[in-house]
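>>> From the sequence below, what's the structure:
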Amino acid sequence: MPVRPLVFHPDPRLNRPAGPMALSPEAVRALAEDVLDTLGAVGAMGLTAPHLGIPERIVVIRLQPDEPAVTYVDPVVAWASDERAAHPEGSVSMPGVIEPVERPARVRVRYRDLDGVEREEEADGLRAACLQHEIDQLDGVFWTERLSRLRRDKALKRFAKLKGQAARNGA
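Purely as a prediction, here's the structure:
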């Protein structure tokens, strides 16, 4: 399947919640393959259909290049621990900017797999952070909204500076 172009911050599509999946099973599989192929091409750990400008609730996660990818259709956080943990986060839609984000340390996620089977998964550590980050994106919450105002402003200025440098260098 094709690698699709990414949507970059501050594109408003990144802040629009994706609706429940309404595609046919074949279209869901095709979109999931495109998300997976794009994830591999950009070297990300997680990617959503909204990162491609498509308002559908699909997440693909592969934390290590040598592990199998997992596709989550219509995922929701069903439970989150009171315990918190911080992990460095960034986005393919805002390349070059990474900040620690504090989130629940453990979560239980409810979703459907590509066969339409309802599933639940408990996760902690990096997988829990990645799932929450990508589900936020499906809900129209860009990762920088989880930062304090001061850190968010600094991150946005740093990204603007990086974009300006890239434009000057012809990228």
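
>>> Reduced to three states, what does the residue nearest the centre of the chain come out as?
Nearest to the mean C-alpha position of the chain, counting by Cα atoms, centre = their mean, stands Glu134 at 3.1 Å. Three-state assignment for Glu134 (DSSP: H, G, I helix; E, B strand; the rest coil): helix.

>>> So it versus Gly43, what's the distance?
Plainly put, Glu134 is 16 Å away from Gly43 if you go by Cβ to Cβ, to the nearest Å. From N, CA and C alone the C-beta is placed, and that goes for glycine too.

>>> again, but for Arg158
20 Å.

>>> wait, doesn't His9 sit right on Met94?
Yes - between His9 and Met94 there is a contact at 4.4 Å, judged by Cβ atoms under 8 Å.

>>> and for these two, which residues touch both?
Residues touching both His9 and Met94 (Cβ atoms under 8 Å, 6 or more residues apart in numbering): 142, 144, 159.

>>> What distance do you get for the last one to Met45?
Right, the one you point to is Phe159. Separation of Phe159 from Met45 (Cβ to Cβ) stands at 19 Å.
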